[in-house]
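Here's a sequence, model it:
(4 chains)
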Protein chains: 2
Amino acid sequence: MEYQEAKEKFISTWGSLGSMWGINKAMAQIQSLLFISTKPLSMEEIMDELKISRGNTSMNLRQLMDWGIVTKELVPGERKEFFTTEKDVQELARHIAKERSRREIKPVIKVLKEVSSIQDDGTAKTKELIKQTKALHDLADAADSLLNKIATQEQNWITKSLLKLFK
Amino acid sequence: MEYQEAKEKFISTWGSLGSMWGINKAMAQIQSLLFISTKPLSMEEIMDELKISRGNTSMNLRQLMDWGIVTKELVPGERKEFFTTEKDVQELARHIAKERSRREIKPVIKVLKEVSSIQDDGTAKTKELIKQTKALHDLADAADSLLNKIATQEQNWITKSLLKLFK
DNA sequence: CTAAACTTTCAATAATTTATGAAAGTTTAT
DNA sequence: ATAAACTTTCATAAATTATTGAAAGTTTAG
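Below you'll find the model as predicted:
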């Protein structure tokens, strides 16, 4: 396998991994392209490389910027904009963990709290609803704390976590 | 908020959380319905409750069984089949972690290994591809180990993990 | 100010995913 | 063996999500 093939394999695999986790293909592919690029890329270059439209590129770049993992780079003397992604995998993981927590997990925890706090009317089904949603709430809450600790931890958390956790 | 409202809120929230993480709505909703049910439910009951078709119910129940989180229950004297989900959240989380690792993370790690193992031809772009995919490989590998440790750990891992990790 | 260079928006369309329902398949009781 | 009870399959439909491309918007150079 040589460069071009490896690159394509990486980008397409990353793209389909994204889909499995609710991230659209174009977004994942743009990010992965930037991730292995040796220099910032313009919109034009991204479009060409991935064979996607201008609009699609623009919208997905915006989303990546909203997620905080892609930034605009202003190249002196150039009029157009260039883009780079966070190159450090740890930092990348941290951003994603933080955002997923904020956007997706926290709101669900809130609902679980509401639902598990309803008045116990004494019936078995109400008791079960309360019991189960409370258990889920506690799990989600613990998982979210873990995620956030990780997200705000200094470098190399994974290595350190593994050490602490399984020593 | 009383029982019916709380129940619906829980089921619909759980359904949309599923979508964010690549799990279809019906599947998530069936699981959540079973999760708060005080008894095993028949296909008929699930269809009625969630207003989904027989085919859809059947296919999603099969998927849930493939994931190992729903099982058929044979009620003596009854001809039809009944279904229950794992009621213990820890066990549930463990199943899901294990399956996601096996189905999604492991294959990606394999690709990352292949891609990061290409011949270094000395060019900057090849070096970058190797470096970045290797970093990603190491991260994915570490995260996967963590997930699997969690998945095979005894009860209450979260509490224990948190203690160890942040004491 | 104005025109060129570039980016964003968004209505229309395409692609993908999910759901339906009836036919085919299976199991069980008699 | 057969018919009723029940489940699965799968072609088709519906719904959702992603993509396009051209028009509108913005910025910068001169």
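
Quickly find the element holding the residue in chain A positioned nearest to DNA strand C.
Going by CB to the nearest atom of the strand, DNA strand C is nearest to residue A:55 of chain A, at 3.1 Å. (C-beta placed from N, C-alpha, C; glycine too.) If you go by DSSP states H and E, residue A:55 is part of helix A:54-66.

list the contacts for the residue of chain A closest to DNA strand C?
By CB atoms under 8 Å, 6 or more residues apart in numbering or on different chains, the contact set of residue A:55 is empty.

If you count neighbours, what's buried in the helix holding residue A:55?
By neighbour count with 16 or more other CB atoms under 10 Å in any protein chain shown, helix A:54-66 contains the buried residues A:56-57, A:60-61, A:63-64.

Kindly report the same for stretch A:90-104.
Across stretch A:90-104, burial judged by 16+ other CB under 10 Å covers A:90, A:92-94, A:96-98, A:100-101, A:104.

Of those residues, which are in range of chain B?
Applying CB under 8 Å from any CB of the partner chain, the subset of those adjacent to chain B comprises A:90, A:93, A:104.

so the longest helix anywhere in chain A versus helix B:124-152, what angle?
Of all the elements of type helix in chain A, the one with the most residues (DSSP state H) is helix A:124-152. Here helix A:124-152 runs at an angle of 140 degrees relative to helix B:124-152 (axes from the mean of the first three to the mean of the last three CA atoms, to 10 degrees).

so, in contact with chain B or not, helix A:124-152?
Yes: applying CB under 8 Å from any CB, one finds helix A:124-152 touching chain B at A:124-126, A:128-129, A:132-133, A:135-136, A:138-139, A:142-143, A:145-146, A:149.

swap in stretch A:29-49?
Yes: using CB under 8 Å from any CB, we find that stretch A:29-49 touches chain B at A:35-38.

quick one, phi/psi of the residue sitting furthest away from the middle of chain A?
Farthest-out residue of chain A from its mean C-alpha position, per CA atoms, centre = their mean: residue A:122, at 42.0 Å. Here is the backbone geometry of residue A:122 (degrees, to the nearest 10): phi 90, psi -10.

Restrict the helix holding residue A:55 to CA atoms and write it as CSV.
Output of helix A:54-66 as CSV, limited to C-alpha atoms (Å, rounded to 0.1, in the frame of the first residue of the first chain):
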residue,chain,number,x,y,z
ARG,A,54,-18.8,24.3,-2.3
GLY,A,55,-21.9,24.5,-0.2
ASN,A,56,-21.4,21.2,1.5
THR,A,57,-17.8,22.1,2.3
SER,A,58,-18.7,25.5,3.7
MET,A,59,-21.5,24.1,5.9
ASN,A,60,-19.4,21.3,7.3
LEU,A,61,-16.4,23.5,7.9
ARG,A,62,-18.7,25.7,9.9
GLN,A,63,-19.9,22.8,12.0
LEU,A,64,-16.4,21.6,12.6
MET,A,65,-15.5,25.1,13.8
ASP,A,66,-18.6,25.1,16.1
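
So for that helix, mean pLDDT?
Helix A:54-66 comes out with an average pLDDT of 97.

is any part of that helix close to DNA strand D?
Yes: for helix A:54-66, a contact with DNA strand D is found by CB under 7 Å from any atom of the strand, at A:54-56, A:59-60.

What is the burial count for the residue lying closest to residue A:29 once chain neighbours are set aside?
Among residues not flanking residue A:29 along the chain, residue A:15 sits closest, at 4.4 Å (CB to CB, 6 or more residues apart in numbering or on different chains). The local packing of residue A:15 (other CB atoms under 10 Å in any protein chain shown) involves 21 other residues.

Could you grab the helix/strand/coil label for residue A:15?
helix (DSSP: H, G, I helix; E, B strand; the rest coil).

Quick check: of the residues of stretch A:29-49 next to chain B, which lies closest to residue B:27?
Checking the residues of stretch A:29-49 next to chain B against residue B:27 by CB to CB gives residue A:35 as the nearest, at 31.6 Å.

ok, residue A:54 - contacts?
A:43, A:47.

what's the spacing between it and residue A:61?
According to CB to CB, to the nearest Å, residue A:54 and residue A:61 sit 11 Å apart.

Find me the pLDDT at residue A:1, would you?
87.

Compute the number of surrounding residues for the nearest residue to it once chain neighbours are set aside.
Spatial nearest neighbour of residue A:1, excluding adjacent residues (CB to CB, 6+ apart): residue B:118 at 5.2 Å. Neighbours of residue B:118 under the rule other CB under 10 Å: 18.

Give me the three-state assignment for residue B:118.
coil.

mind listing what it touches?
Going by CB under 8 Å, 6+ apart, the list of residues near residue B:118 reads A:1-3, A:6, B:126, B:129-130.

If burial is judged by neighbour count, which of those residues pass?
Of these, these count as buried by 16+ other CB under 10 Å: A:6, B:126, B:129-130.

Mind putting the residues you listed into a markdown table with distance to DNA strand D?
Shown next, in a markdown table, are the buried ones among the contacts of residue B:118 (distance: CB to the nearest atom of the strand, whole Å):
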| residue | distance to DNA strand D |
| --- | --- |
| A:6 | 22 |
| B:126 | 27 |
| B:129 | 23 |
| B:130 | 27 |
